[in-house]
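1. Fold the following and give me the result.
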Amino acid sequence: PTRFVRRTHEVSGERWGRLKRAAQARGVTPSALLCAAYAEALALWAKEPRFTLNVTIGDRLPLHPHVERLIGDFTNLVLLEVDT
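-> Numbering: from 1, shown residues only. Below is the predicted model:
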């Protein structure tokens, strides 16, 4: 049977700063760093070395001066190929 377990981990501010600086030194954004770490963690349980991540991104374009007052779904999905 399928079971789901929520796992969490908090990184200290000091460690997060070091990770961001290390990523920046390599030309990688913090978001890309976290996405890569997530993909590596999923790869441990994946049946295949190649899979796709559905990455949700916010996409509220400034097309109107009051766009921040609008209620709606302003997200898009990016399909990210992972090949471990």
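2. CA only for contacts and neighbour counts going forward, please
-> Will do.
3. Which of the helices or strands spans residue 54?
-> Residue 54 belongs to strand 50-58 when elements are defined using DSSP states H and E.
4. Same question for residue 5.
-> Counting by DSSP H and E, residue 5 is found in no helix or strand.
5. in the strand or helix carrying residue 15, what's buried?
-> Residue 15 belongs to helix 13-25 when assigned by DSSP H and E. Neighbour counts over helix 13-25 (16 or more other Cα atoms under 10 Å) mark 19, 20, 23 as buried.
6. I'd like the residues you listed as JSON lines, with pLDDT and distance to residue 78 appended.
-> Output for those, formatted as JSON lines (pLDDT from 0 to 100; distance: Cα to Cα, whole Å):
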{"residue": "19", "pLDDT": "94", "distance to residue 78": "24"}
{"residue": "20", "pLDDT": "95", "distance to residue 78": "23"}
{"residue": "23", "pLDDT": "95", "distance to residue 78": "21"}
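7. Sweet, I'm off.
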